[in-house]
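In: for reference, the sequence and a predicted model appear below.
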Amino acid sequence: MQQAIESVYSDAGVLVLMDLGSAVLSAETALEFLSDERRARVRLCAAPLIEGAVAAVGQALAGADLDTVAREAQNALSAKLAHLQPSSPHPRPFLQPSRR
């Protein structure tokens, strides 16, 4: 993980998206081996991988700073979650079986 961070490091910073608990531990351990200056420019983010990566890339290409990129990645699922929230105490199933 440390090599991955170092390989993409720039003064603009690095956003690390993590999918599982072991990835979180690996990323936290990698941060310990970075200098204080570099560590300050790395953000660990629990965003969903695909949606988070798409949101992060879009913001980064638009010139957003690291904190904005991280925030957008973290919020990548909010629209889907809001849409899927049940409006009644008895939500419909996501997929209903067809009756033939």
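Out: It's in.

In: drop to CA atoms for contacts and neighbour counts, all remaining ones
Out: OK.

In: is it true that A46 touches L17?
Out: Yes: when contacts are counted by Cα atoms under 8 Å, A46 is listed as touching L17 (6.0 Å).

In: between those two, which one's more packed in?
Out: L17 (23 against 18; other Cα atoms under 10 Å).

In: mind listing what's buried in the helix or strand hosting E51?
Out: Here E51, judged by DSSP states H and E, is contained in helix 49-61. Residues L49, G52, A53, A55, A56, Q59, A60 are the ones in helix 49-61 that count as buried (16 or more other Cα atoms under 10 Å).

In: name the helix or strand of the chain that has the lowest mean pLDDT.
Out: Every helix and strand of the chain was ranked by mean pLDDT, DSSP states H and E. The lowest is helix 78-84, at a mean of 82.

In: now the helices: where do they sit in the protein?
Out: 2-8, 21-32, 36-39, 49-61, 66-74, 78-84 (DSSP state H).

In: what residues does stretch 70-79 touch?
Out: Residues outside stretch 70-79 that contact it (Cα atoms under 8 Å, 6 or more residues apart in numbering): 15, 43, 45-48, 51-56, 59.

In: for the residue nearest the centre of the chain, list the residues it contacts.
Out: In the chain, the centroid-proximal residue (Cα atoms, centre = their mean) is A47; its distance is 2.6 Å. By Cα under 8 Å, 6+ apart, the contact set of A47 is L17, M18, D19, A73, Q74, N75, A76.
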